[in-house]
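Q: pasting a predicted model and its sequence here:
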Amino acid sequence: MTVLLRARRVLTEQGWLDDHQLRIDGNTIVAIEPIPTGVALRDVELLCPAYIDIHVHGGDGVDVMDDSPEVLDQLALYKAREGVGGWLPTTVTAPLGEIECALRRIAQRYHQGGQGATVLGSYLEGPYFTPQNKGAHPPELFRELDITELNRLIDVSQNTLRVVALAPEKSGALAAIKHLKSQGIKVMLGHSAANYEETIRAFDVGADGLVHCFNGMTGLHHRNPGMVGAGLTDKRAWLELIADGHHVHPAVMSLCCTCAKPRILLITDAMSAAGMPDGDYAICGHPVTMQQGIVRTASGGLAGSTLSLDAAVRNLVNNVGVPAADAIHMASLHPAKMLGLDHTYGSLAAGKRANIIALDSRLMLQTIWIDGQRIAL
């Protein structure tokens, strides 16, 4: 059955189209066309591509690492309520057996499907980090890079592992990056003390970008550009950005957008406390406390976020002055391109999956359709 959605404005890769309609057949957009003259009704204000959150640990009181298959179902519906049509459940540094169990659960959800945001694969964040800039990751569980171990994780994931994060200064890092890339897996760099030169060498052998840029890495200094300097200036690098105003100051977000607007990936890095009241929670098996929406470890370090992806878009628009189209692309088209899924996801175009959000003029979510099906919010 063909469905028509009429909007005052429709966002495509090329920009906004005024007074256009989407024609949807099943789970596919079949046409984007002008609304016929004389048709006054508009179903929504703005039609945009559904967001893609490539880096998310939890929310709604549950965590990707929780040993229960229902957790991913709960999180998929939770993510849909913030306009996310596809996501990568993200692991944390933990005993290897727990990581393997999480990868198996994610693979099962990937293959079985279900309601809510589509699981596009898994993201391995840790245990291949170094102690400096460890964030909330427990350094006693960090591991050395080993090709045999990486192959086992790929096998356990049933080839649904999409991204591996690692510290590029570790022994064997360059060989590991080459191997992962040969398997079609993206590599992001973070939780690291690497310098500028080490980071560039990792990009040279195929690393794709930086994990939550500015956080968990060597910062920008005018004589030591660090990982941040490498990411800002190397046009090969995708930059994850937590745009909550706490992890990165709005002025620094502006700097990032000025240097790397086409390469920014808005992420939430959300943990179980997202969408929950202030109180005590846990991440990486360690207690953390949320106050006024900010989660910190006992030592005062930031421990993931409680950000929603639709709020990240609004923060860039309202607090940094980024045009709405650019901010929306950072949460949809850019992650689809980074994952190599932009032939199917990430923008509104004929032939692409009907993952669509309706926004009002303030960019507040009104409705989401995933695979052409409207999801109750």
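A: Sure thing, it's come through. Numbering: from 1, shown residues only.
Q: what residue lies at the spatial centre of the chain?
A: Ile54 (2.5 Å; CA atoms, centre = their mean).
Q: from Arg362, how far off is that one?
A: 25 Å (CB to CB, to the nearest Å). C-betas here are computed from N, CA, C, even on glycine.
Q: equivalent analysis for Lys235, please.
A: Counting by CB to CB, the gap from Lys235 to Arg362 is 33 Å.
Q: the helix or strand hosting Met290 pairs with which strands?
A: Using DSSP states H and E, Met290 maps to strand 286-291. For strand 286-291, the paired strands and their directions (DSSP bridges) read strand 279-283 (antiparallel), strand 294-296 (antiparallel).
Q: now, of those strands, which is deepest in the fold?
A: strand 294-296 (a mean of 19; mean count of other CB atoms under 10 Å).
Q: could I get the helix or strand following that strand in CSV with only the CA atoms?
A: Downstream of strand 294-296, the next assigned helix or strand under DSSP H and E is helix 309-315. Only the C-alpha atoms of helix 309-315 are listed here, as CSV (Å, rounded to 0.1, in the frame of the first residue of the first chain):
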residue,chain,number,x,y,z
LEU,A,309,20.4,12.4,19.7
ASP,A,310,17.6,14.8,18.9
ALA,A,311,18.8,17.0,21.8
ALA,A,312,22.3,16.9,20.3
VAL,A,313,21.0,18.2,17.0
ARG,A,314,19.1,21.0,18.8
ASN,A,315,22.2,21.9,20.9
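Q: and helix 309-315, how far from the chain's centre?
A: For helix 309-315, the separation from the chain centroid amounts to 12 Å (computed by CA atoms, centre = their mean, to the nearest Å).
Q: could you do stretch 222-236 as well?
A: Distance, centroid of stretch 222-236 to centroid of chain: 21 Å (CA atoms, centre = their mean).
Q: can you get me the start-to-end distance on that stretch?
A: 21 Å (CA to CA, to the nearest Å).
Q: show me what contacts Asp326?
A: Cys257, Lys261, Leu316 (CB atoms under 8 Å, 6 or more residues apart in numbering).
Q: so how far is Leu77 from the second one?
A: Lys261 sits 32 Å away from Leu77, taking CB to CB as the criterion.
Q: hey, where'd the helices end up in the stretch 151-300 of the chain?
A: 173-182, 196-204, 226-233, 250-260 (DSSP state H, counting those that start in this stretch).
Q: surely Ala336 forms part of a helix?
A: Yes. Counting by DSSP: H, G, I helix; E, B strand; the rest coil, Ala336 is part of a helix.
Q: go ahead and confirm it touches Tyr345.
A: Yes. Counting by CB atoms under 8 Å, Tyr345 is a contact partner of Ala336 at 4.5 Å.
Q: out of the two, which sits in the busier spot?
A: For the pair Ala336 and Tyr345, the greater number of neighbours falls to Ala336 (25 against 22), based on other CB atoms under 10 Å.
Q: that one - nearest residue in space that isn't next to it in sequence?
A: Distances taken as CB to CB, 6 or more residues apart in numbering put Gly346 closest to Ala336, at 2.6 Å, once the chain neighbours are dropped.
Q: what's the neighbour count on the one you found?
A: 28.
Q: any idea how far Thr306 is from it?
A: 25 Å.
Q: and for Ala350?
A: Taking CB to CB, one finds Ala350 at 37 Å from Thr306.
Q: okay, these two: which has more neighbours?
A: Thr306 (24 against 12).
Q: what's the pLDDT at the more buried one?
A: Note on Thr306: pLDDT of 95.
Q: residues in contact with it?
A: Contacts of Thr306 (CB under 8 Å, 6+ apart): Gly59, Asp244, Ala270, Met271, Ala273, Ala274, Gly275, Met276, Met290, Gly293, Ile294, Val295.
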